[in-house]
Each structure stands twice: as structure tokens, then as C-alpha cells.
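Peer 1: okay, predicted coordinates and the sequence, questions at the end:
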Amino acid sequence: MNAPLLSLQGVHTHIGAYHILHGVDLQVPEGGITLLLGRNGAGKSTTLRSIMGLWRASAGTVTLRGRPLHTLATPDIAGQGIAYVPESMGIFSDLTVAENLLLAARRARHLGELDTARLDWIFSLFPALKTFWQTPAGKLSGGQKQMLAVARAVCEPRDLVLIDEPSKGLAPGIIQNLIEALLELKRQRTTVLLVEQNFEMARRLGDTVAVMDDGRVVHAGSMAGLVEDEALQQRLLGLSLGAHQ
Amino acid sequence: MSTTPTTPSGPTGTPGIAAHTPAGMPGRAPAAIPRSRLDWRPLALLPALALAALPLTGSPSTWLTLTVAGLAMGLIIFIIASGLTLVFGLMDVLNFGHGVFIALGAFVATSVMGAMGGWAGEGAAANLLAVFCAMAAAMSVAGAVGWAFERVVVRPVYGLHLKQILITMGGMIIGEELIKAIWGPGQTPLPLPALLRGAWVMGDAAIERYRVLAALIGLAVFAGLLWTLNRTKLGLLIRAGVQDREMVEALGYRIGRLFVGVFAAGSALAGLGGVMWGFYQQSVTPQMGAQVNVLIFIVIIIGGLGSTLGCFTGALLVGLLANYCGFLAPKLALFSNIGLMVAVLLWRPRGLYPVTSR
């Protein structure tokens, strides 16, 4: 088996007096979508934030292709080729759609320097962004903001994209659009670590899956394996994927 | 696949994107695209205030003199306050020590003008060169001291508002004492060079030359700030950092460097404002920063924390109102700024141009 792109070994994270992650071990293989599932409060978002260095891991190691990330500051971690879409989307609402994308394109100093081929690809994924190119992002709908957040993460090629609950609060039709866009990313062999509570979305997108509970990874394997094993779903998630289809 | 645009919808985006509408489905007619439009109402307060004062001042010439004086005063206040609103908006730092950079800039100008004393009485070019040298020196010294102030005084208290107030006020007191030690505790004259003394007479109105220069410099600073904030990537980063500094870092930018750069630039602007204010008063004191501090906090609160356009509008409103009130009802002049702030906050509790995500 190839070495994983991203690897977490025994990661502990404290937020103030609270001990949130209790030794997370996680492997993210290259070129597919890894789902991070679990109940509310299991530590999924904290895991993503710890990878990005937004909350510093108090123990353990995070490596990307064997290179340590846990010793780096957040901008340097991003500079290693990691993009992050937080649960809040992190959209700059006073800035236009174009300006939001320009900020994400670190190599471009102005809009004229954006990679037009890449931009066309993004517009093919999310045509609404082209329509609302000069619109302040704060005026977009929730779904459009989420698409902008994902587009921002992939507006330059990245080794790894971390996405935190993109379907949260979105209408089913919008979620469908999002799934199609993420499937396209998957076809492009973009490595994605996706936190998601929508099991139908997880089932359709996931290649591999890790399930968290109480700040630890309690199961890791293929998504297909979890989908087929209802008993495992019940034990790990207290739910049946089948019930959500 | 249809790409029929639709209007952005509510928070859940229910009707939102028609990006993946299956072919053959009836597309919705393109709705009006919401564009970024300037909210003109706060700006309209400026001509409204000026026009309201016209019949009260008695004569158009008096009104013109007061209006130019008010605009010049407002633009000087804007130069001083623009640095603070950036520091406040981007860094969330309550820098009560901002005033010390004003005094420092003004005193550096007294030294430069003293050293270039011969230039202040000679030709127009020499006069202007002396003034611009004083401004450049003041900005450089205030910017450098601001950089050190951020490193030593402010950095340990990021996110701690109460401590920021205490430590930056302490920094200002120490700064004032250092100014007294270097330049003396008393009032120091800062006379205008010959070119900028006197006034142009237009009919019955007298337009002081220095006020015109102050207004031009203020407008240049405003234009420069707007250009930087709206047309450069640095400006984009600053505006984004005002809204969500964590996300800026997650995109790969070192916001710490941006912070110290903005702080130094804000201090340099305060230094420039100090020179302008010193020339305006034709004298400087070590306490001048503390005296102006209250005024600039009123301006940035009126304008909306972190907003350059708000700061510009607020400063002009304060300048105009102070001059009109000073002429019409001198006893009310002291109250006018506070009254203006109360009125604005009753209308817009987050200031004239609130920054959305703060």
C-alpha cells in the first residue's frame, strides 16, 4: 500500500481547559476523498483545525508526505499545498466573488493574473460564480457562498483540500450541485478530507472513511465496507446509511 | 446544461443556483444581479449639513470661509484617524496611545523646520520643500516608533481589550514624558513658512492658503488609501483581515507581518496628521496627542470601526460641525462632536459605514 498523503499520529488537542482530541490516528490516501464521520462533538472539526494549525496540537504528529506540519504556523501549512474550507465557510463578505478568489490565488497579484483555464474549470463547476463575479460575497445565498468557499480552495492546484461540513444548512437541490462538483474534483484526483454529517453525500463521495468518537478515530476503512455493514453503522454512528437514502 | 442565473436567495439558498438545471427544464428569467452599490446616504449628510448652515451663517462669504475651514480641519482629522481606524479595524487593538504619534510627528516637524529655518522664508519651492521634508521626517520617525510600539507594547496584549487600554495609555504617558525630555515641556511654535501664510480673498470670503494645502493633502491621503485598499492585493488582504484574520492565515498569508505593517503605517499617518495639526495651530505641545485622541475616537466610532470611507465622512462631519457651531453658537461647539456621535449611533448603531463581519 502506498504511503498516505496525510498522516496523523496520536494527535492531542486542548482548547483552553478542555481536552478535545485524545490521540487521533488518521491516514489520508492520495487522490481520493476520505470521509471523517462521527456524532456532534466527536472532534471532527477540531481535527481539521489541528491539521491547519489553527488550534495547535499539544501532542502527536501531523505529516504531509512525511514532512511534519505540526511544527509549522498556519500560513506555512497552507503554503505546503493545503486548502481549508471551514464550517463557517470563511467567506469575506465585504469582498466580491472575484476578490475572494484572487486572495486564494496566492501567485496572482491582480485579477488579470488569475489562471484563466483554471477559472473556466471553476466556472464549469460553479456557473453561479461567473454570474455573480462582481457581487459582494455577503449577498450570495448560503449555497452560493459554500460553492465560493470550495472554489476558493481549488482555484489553484492543491495537494490536499480540507472541507468541513459543506452541506450544513443547505437545501437538497444545492447539496446535489455540491456533490456533483466534489465528484468532479474526485475525477481530477484531488485529495479531499471531508467532514460530513449527510450520509447520502458521504456514501456517494467517499473512497475511504474514518469514524470518530470522543476525540479518537474508532474505525477506519473503505466507505464501501461501511455502507455494506449496517451493524457497523449502527455501532459506530447509531444510524443506518440505508435509512438516509 | 442551463446556466440561467438566478438571484441569490435566502440563507439556505433554496432557489439559489441554477447551475446544474437539467437540460430541457424551463429556465427562470435572469433576475437583476445585486451589485455593489455605494451607500450614498451618509455621504449626503455632508452637503446637507453645509446647505443647512448656509442660511444660518448670514452671508455666503462667511459660509464659504467656515466651510473651507471645516473641510480642512476635517481632512486633517481624517489623516490622523485613518491610521487608527485601520489599526482598530484590522487588529482589534484599542490603541489609546495613538495620540503620542501625533505629538511625536509634530515635534519632529519643529526640529526639521528649525533646521531648515532659512528655507521657510525663501522662495515658494524652498518653502514647500521644507514642509514636505518635515512631513517625511515626521512620518518616518512616527512609523519607526510605531513599529517598535507594536512589538514591545501592543503585541503581548492582542485580544485583551482592558489591558490594551491600560498599556497603550501607559505607553502614551511615557511617550509624552520622553517628548518633554527631548523637546521640553512647554509650547513650541511651529510657524507656517511664508508661502502658506495669509489668505486668498474671493469676494468677501478669505480662504487661508494653508487650509487649501491641508485639504489637498487630506484628499491625496484619502485617494491613496482608497486605491491601496481597493485596487491592490495588499489592500484586499487588509480588508479581508478586518473581517476574518484566521481565514486570511488559512489562505497562506502571514497576518502578523501585515499587522505590524499596518500599525507602522497608521502611526506614520498619525505623525503626518500631527504635522498638519501643528501647522494648523501654529504651535505644538507634548499633550496635543491626548487632546486630539478623544476627537479621533469619536470620528472612527461615527464612521464605523475599520472603515476608511466612514472615517473620511465622519471626520468631515466633525470638522464642518465644529466650525459652524464655533461661529453660530460657541457654547455648543464643545458639545457638538458628542451630539453628532449620539445622533449617528442612534441612526446607525455600528457607524456610518459598518464593516460587515466585525
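Peer 2: Arrived safely. Numbers count the residues shown, from 1 in each chain, chains lettered A, B, ... in the order given.

Peer 1: distance of B:W347 relative to B:G310?
Peer 2: To B:G310, B:W347 is 13 Å away according to CB to CB, to the nearest Å. All C-beta atoms are positioned from the backbone trio N, CA, C, and that covers glycine.

Peer 1: same question for B:L317.
Peer 2: When B:L317 is compared with B:G310 (using CB to CB), they lie 10 Å apart.

Peer 1: buried ones in the helix or strand harbouring A:I179?
Peer 2: Using DSSP states H and E, A:I179 sits within helix A:172-187. Within helix A:172-187, the residues scored as buried using 16 or more other CB atoms under 10 Å in any protein chain shown are A:G173, A:I174, A:I175, A:Q176, A:N177, A:L178, A:I179, A:A181, A:L182, A:L185, A:K186.

Peer 1: give me the neighbour count for B:A329.
Peer 2: By the criterion of other CB atoms under 10 Å in any protein chain shown, B:A329 has 12 neighbours.

Peer 1: what's stretch A:18-31 in contact with?
Peer 2: Residues from elsewhere that reach stretch A:18-31, judged by CB atoms under 8 Å, 6 or more residues apart in numbering or on different chains: A:2, A:4-14, A:34, A:36, A:43, A:46-47, A:50, A:55, A:57, A:59-60, A:160, A:189-191, A:193, A:207-208, A:210, A:212, A:214-217, A:220.

Peer 1: which residues of chain A fall in helices?
Peer 2: Using DSSP state H, the helices of chain A run over A:44-52, A:74-79, A:97-104, A:116-125, A:127-131, A:142-154, A:172-187, A:199-205, A:223-228, A:230-237.

Peer 1: turn those helices into a markdown table, columns for mean pLDDT and distance to B:V294.
Peer 2: Conversion of the helices of chain A to a markdown table gives the following (pLDDT from 0 to 100; distance: least, CB to CB, whole Å):
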| stretch | mean pLDDT | distance to B:V294 |
| --- | --- | --- |
| helix A:44-52 | 96 | 41 |
| helix A:74-79 | 96 | 37 |
| helix A:97-104 | 95 | 35 |
| helix A:116-125 | 91 | 49 |
| helix A:127-131 | 92 | 46 |
| helix A:142-154 | 93 | 40 |
| helix A:172-187 | 88 | 50 |
| helix A:199-205 | 89 | 55 |
| helix A:223-228 | 89 | 62 |
| helix A:230-237 | 81 | 59 |
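
Peer 1: out of the ones you listed, which is the most enclosed?
Peer 2: Mean neighbour counts were compared across those using mean count of other CB atoms under 10 Å in any protein chain shown; the top stretch is helix A:142-154, at a mean of 26.

Peer 1: now tabulate the buried residues of helix A:172-187 in JSON lines and tack on distance to chain B.
Peer 2: Output for the buried residues of helix A:172-187, formatted as JSON lines (distance: CB to the nearest CB, whole Å):
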{"residue": "A:G173", "distance to chain B": "8"}
{"residue": "A:I174", "distance to chain B": "5"}
{"residue": "A:I175", "distance to chain B": "10"}
{"residue": "A:Q176", "distance to chain B": "7"}
{"residue": "A:N177", "distance to chain B": "5"}
{"residue": "A:L178", "distance to chain B": "10"}
{"residue": "A:I179", "distance to chain B": "10"}
{"residue": "A:A181", "distance to chain B": "9"}
{"residue": "A:L182", "distance to chain B": "13"}
{"residue": "A:L185", "distance to chain B": "15"}
{"residue": "A:K186", "distance to chain B": "16"}
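
Peer 1: list the residues that contact both of B:L317 and B:G310?
Peer 2: Residues within reach of B:L317 and of B:G310 at once, by CB under 8 Å, 6+ apart, are B:I302.

Peer 1: where does B:R197 fall, phi/psi-wise?
Peer 2: Main-chain dihedrals, B:R197, degrees, to the nearest 10: phi -80, psi 160.

Peer 1: excluding chain neighbours, what is closest to B:F263?
Peer 2: Nearest residue to B:F263 in three dimensions, chain neighbours excluded: B:E150, at 4.1 Å (CB to CB, 6 or more residues apart in numbering or on different chains).

Peer 1: what pLDDT is listed against the one you found?
Peer 2: Looking at B:E150, its pLDDT is 91.

Peer 1: likewise for the one 4 residues further on?
Peer 2: B:V154 is assigned 89 on the pLDDT scale.

Peer 1: what about it, neighbour count?
Peer 2: For B:V154, the count of nearby residues is 23 (other CB under 10 Å).

Peer 1: next, the closest residue to it other than its chain neighbours: secondary structure please.
Peer 2: With sequence-adjacent residues excluded and distances taken as CB to CB, 6+ apart, B:V154 is closest to B:V93, at 5.7 Å. Three-state assignment for B:V93 (DSSP: H, G, I helix; E, B strand; the rest coil): coil.
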